[in-house]
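In: I would like the atomic coordinates for the input below:
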Amino acid sequence: MEEVLFYLDTTRPVFTKSDVIYKILKNYLINSNKKEMTIDVLGTFYGTFNKYKVSTELLPILCTSLANENLQYKTFPLIDMILKDLKDHKEQIISREWSFEAFKDFFSRKGKDVKNNKRSYKEIQNKQEVQNNKETHINSKITNTPGYYFFSRETN
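Out: Got it, this is the predicted structure:
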């Protein structure tokens, strides 16, 4: 893990899609013990990441790491950089991310999902009825066996 961070920080490879680096660094930030080094590398590559992903996924993770006093001096500048970038591009973010066009596909897919959910609900209901019938049949077999009531009585 440390070798990967060192490689990224020293060579600063150029990828056509920086999603790979983003995913690696996000996972390292969540799961690793090398958070300081990860935050340094995040600061290096921040400009190439998708700003929407950074603001919705990475910023909350960074804010939770502010509780760690050892990371505060590295985390605050990165959060400041993200917030400054968000402020600078406020109008673009509002017009693009919160427009009706962004939600149009979501609403059209929902209609299809509702039909699938109704169908799956009926399938689940049928499976539960079959399971209940099996349990009833098994219970009736048990209670109809000779000696069931004799052995099931409580003794005083």
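In: Just after the host helix or strand of Val20, pick out the following helix or strand.
Out: For Val20, the host element (DSSP states H and E) is helix 19-31. Using DSSP H and E, the next helix or strand after helix 19-31 towards the C-terminus is helix 35-45.
In: how does this protein divide up, domain by domain?
Out: 2-97, 103-152 (automatic domain parsing).
In: what's the least confident stretch among those domains?
Out: The weakest mean pLDDT among these belongs to domain 103-152, with a mean of 58.
In: buried set for the helix holding Val20?
Out: Neighbour counts over helix 19-31 (16 or more other CB atoms under 10 Å) mark 21-22, 24-26, 28-29 as buried. Heads up, the C-betas are built off the backbone N, CA and C, glycines and all.
In: so Leu25 touches Thr38, yeah?
Out: Yes - assessed by CB atoms under 8 Å, Leu25 is found in contact with Thr38 at 5.8 Å.
In: Can you list phi and psi of Asn68 for me?
Out: Per-residue torsions, Asn68: phi -80, psi 110 (degrees, to the nearest 10).
In: Excluding sequence neighbours, find me the nearest residue to it.
Out: Spatial nearest neighbour of Asn68, excluding adjacent residues (CB to CB, 6 or more residues apart in numbering): Lys35 at 7.5 Å.
In: For the one you found, which residues are in contact?
Out: The neighbours of Lys35, taking CB atoms under 8 Å, 6 or more residues apart in numbering as the test, are 28-29, 65, 68, 71.
In: now the helices for the chain?
Out: For the chain, applying DSSP state H gives helices covering 2-11, 19-31, 35-45, 51-53, 59-64, 72-88, 90-97, 100-143, 148-152.
In: Buried ones in the third one, by neighbour count?
Out: Same thing as helix 35-45. Residues 35, 37-39, 41-43, 45 are the ones in helix 35-45 that count as buried (16+ other CB under 10 Å).
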